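J.: A predicted structure for the sequence below; I have some questions about it.
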Amino acid sequence: MGDGILKLEHVCKAYNVGLPTQVEVLHDIDLELDHGEFLALMGPSGSGKSTLLNIVGLLDRPTSGRLLIKGRDTAILGDDELTHLRGHTIGFVFQYHLLISAFTARENVMMPMLADRGFPSVELGKRADDLLRQVGLERFGSNLANNMSGGQQQRVAVARALAMNPDLVLADEPTGNLDTKSADSIFELMRRVNRESGTSFLLVTHNLDLARRCDRIIQVVDGRIAGH
Amino acid sequence: MNPWLPFEWIAAVRFLRDGRLQTIFIIGGISIGVGVIVFMSAMLAGLEANFIKRVLTSQPQIQLLTPDQIARPLHKSAGEIEDAAVQRPSQRVISIDQWPKIRGQMLAMPEVTAVSPTITGSVLALRGDASRAVTLTGIEPETYFDIVKVPDYIFAGEARLTSEDVVIGIELAKNLGATVGDKLNLQATGGANRVLTISGLVDFGNKGVNQRVAFVALRTGQSLLGMIGGVTTIDMKIKDIYAAEVIAQRIQAATPVQADSWIATNAQFFTAVQAQIYTNTLIRIFVGLSVAFGIAAVLIVSVIQRSKEIGILRAMGTSKGQILRVFLLQGGLLGFIGSIFGAAMGAAALIYWHAVARQADGSEFFPLILERSLFVYTAILATVTGLLAATAPAVRAAKLDPVVAIRG
């Protein structure tokens, strides 16, 4: 495991540090993820999976320990640098689709590129069309997010997560709200992207059947890695 | 997507469009506020201009007079007074000492735009069996008409003042049974007598003034009042009418004359004008504040409603600065769009009110003053108000913790 996209060393996370209400959520987490790996993260509700995902996604900082993204220690990075690194390295797919309702499917896919470049362009539009084609929604580009089914919205969310050509996609129960057929379809879509583009995936799921189809399964229990 | 618009503009416009009903209502609120400001400002400016025109075109802004003559106590010897009680002397009509020099000094002042020497005194106007006491004013028309717009008040005839002409008030003409072209005999208390031709009738909109006023050429006035080469007052016009009192006090301190400003001689009127200006300013401030709070409230609600989307944008690599600008722009856009509709509403209301509101004599209640600068300033003010009002919501949006925001 030398070609790591992600490395966590003794990562701990606590809330309300120093207060009587201090809560330890993650304890001494060590984890590595290679380029092109598809990893499933499982565990009961409240076990710390989402907190771990937020830390890996640079949305939250660990209380102690080190987090390295592509070999770069994130502890020394400022807020703007973290935002830049996140935008260029990590894509997100959330459980509740979370598309921006004011924009069409195509515009939602363009959004990360637009935030990065500042101005829209023909090139960005082509890239969005290409991604929508990859997720099978080329005919739905002009649909507003709210006018699409849950499965379609999640496909758009996957396309959006891939917009910046990230090294790592973090998916927090992306199939949690979908029926079995749609869930299977979304999972296969991510798996295909993983195989074709070599993008690493860290998938939080409660679905054991889907987890078994990943390269590796990590069990998180009470904020600790209980098993691989 | 418009390729010329940056990300922040696109997001701001879309967010406003997405919350259509909210946006329409707040733009309606801003428009009403801006409309009230435009309407009030333009109407009150018109009323003020009307009042000032009525007052200041019929009288000088500063008038220089001879100082009151005072009697000094008679001294018996050093430190001893003959009689402690000194009777106030009667005020003779006398000429301002060295008035051409004072006129020169006044003309040299940068604040002064016009100076005109005049002579004023009482004479008796006789025509047939009728006689009336009148206030005779001898003037230099070429300079005096720049200060007191007599030609603007001409009711009949013209404001022609050769050495043989007289212009009188319409009530005086009525009382004497005279009209333009008639002869009028003016008799001074000193015995001097002149028969002049009525060249014009003036109406200053004040019956008392119209019963007494009579204008003649300066030299005619001087010869009638027995003061050859002398003047009793120097009338002045200045650039800033509201600086009249300060300038008058400065003149009085520097010259041996008494200087009366229109502010001092029309204290009640001036107070009314000032009160109107303060009221207008207060109304503008409070309307502006209510507009600002309205924008802030709507944007705070929008930030709360869109917190998940803000979290998503942050997760996708949107910086805090970009989020801040998205919400600031929304505030600025709301203010700007509201100001356009508001200015149109205010102008329409102003045109309508100007058409229906009439004074008792049928003349316009206020002049319609629709200056472009008022609309430009209002648009700038509303946009800046929108930006300022959006600051708190925008900072709040930028500071949203994406983890908390996404979790909801």
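T.: Arrived safely. Residues are numbered from 1 along each chain as shown, chains lettered A, B, ... in the order given.
J.: For residue 51, pull up the helix or strand it's in.
T.: Looking at chain A here, since you left the chain open. Secondary structure assignment for residue A:51, by DSSP states H and E: helix A:49-56.
J.: let's do chain B instead
T.: helix B:20-56.
J.: Over to residue B:304?
T.: With DSSP H and E as criterion, residue B:304 is part of helix B:267-305.
J.: ok, now residue B:120?
T.: Residue B:120 is part of strand B:112-127, with elements assigned from DSSP H and E.
J.: Pull out the buried residues from that strand.
T.: By 16 or more other C-beta atoms under 10 Å in any protein chain shown, the buried positions in strand B:112-127 come out as B:112, B:114-121, B:123, B:125-127. Backbone N, C-alpha and C define where each C-beta goes, glycine included.
J.: tell me the mean pLDDT for it?
T.: Across strand B:112-127, the average pLDDT comes to 93.
J.: Please apply the same query to stretch A:55-70.
T.: For stretch A:55-70, mean pLDDT rounds to 92.
J.: And for stretch B:370-378?
T.: 85.
J.: before we move on, what about stretch A:211-228?
T.: 89.
J.: can you list the residues that contact it?
T.: Stretch A:211-228 is contacted by residues A:13, A:24-31, A:37-44, A:47-49, A:51-52, A:187, A:191, A:201, A:203, A:205 when judged by C-beta atoms under 8 Å, 6 or more residues apart in numbering or on different chains.
J.: Relative to the whole chain's centre, how far out is stretch B:252-263?
T.: 22 Å (C-alpha atoms, centre = their mean, to the nearest Å).
J.: Kindly report the same for stretch A:209-221.
T.: Taking C-alpha atoms, centre = their mean, one finds stretch A:209-221 lying 15 Å from the centre of the chain it belongs to.
J.: about what we covered before: what is the next helix or strand after the strand holding residue B:120 packed up against?
T.: Next in sequence after strand B:112-127, counting helices and strands by DSSP H and E, comes strand B:130-139. The elements that strand B:130-139 packs onto, with contact taken as 3 or more C-beta pairs under 8 Å, 6 or more residues apart in numbering or on different chains; DSSP states H and E, are strand B:112-127, helix B:170-176, strand B:183-188, helix B:207-212, strand B:213-217, helix B:218-224.
J.: Reformat the ones you listed as a markdown table; add distance to residue A:58.
T.: Below are those laid out as a markdown table (distance: least, C-beta to C-beta, whole Å):
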| stretch | distance to residue A:58 |
| --- | --- |
| strand B:112-127 | 70 |
| helix B:170-176 | 88 |
| strand B:183-188 | 99 |
| helix B:207-212 | 83 |
| strand B:213-217 | 87 |
| helix B:218-224 | 90 |
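J.: and of the buried residues of strand B:112-127, the nearest to chain A?
T.: residue B:112 (57.7 Å; C-beta to the nearest C-beta).
J.: so what's that closest one bridging to?
T.: Beta-bridge partners recorded for residue B:112 (DSSP bridges): residue B:238.
J.: neighbours of whatever residue of the stretch 301-408 of chain B ends up closest to chain A, just the number please.
T.: Ranking the residues of the stretch 301-408 of chain B by distance to chain A (C-beta to the nearest C-beta) places residue B:317 first, at 2.0 Å. By other C-beta atoms under 10 Å in any protein chain shown, 27 other residues sit near residue B:317.
J.: Skipping adjacent residues, who's closest to it in space?
T.: Spatial nearest neighbour of residue B:317, excluding adjacent residues (C-beta to C-beta, 6 or more residues apart in numbering or on different chains): residue A:87 at 2.0 Å.
J.: hang on, isn't that neighbour packed against residue A:113?
T.: No. Taking contacts as C-beta atoms under 8 Å, residue A:87 lies outside contact range of residue A:113: 9.4 Å.
J.: Next, show the common contact partners of the two.
T.: By C-beta under 8 Å, 6+ apart, the residues touching both residue A:87 and residue A:113 are residue A:164.
J.: sorry, back to before: distance from the helix or strand harbouring the residue nearest to residue B:317 to the middle of the chain?
T.: Applying DSSP H and E as the criterion places residue A:87 in helix A:79-89. On the basis of C-alpha atoms, centre = their mean, helix A:79-89 sits 14 Å off its chain's mean C-alpha point.
J.: Contacts for that helix next, please.
T.: A:57-59, A:69-70, A:72, A:74, A:77, A:112, A:115-116, A:164, A:166-168, B:314-320.
J.: That'll do, ta.
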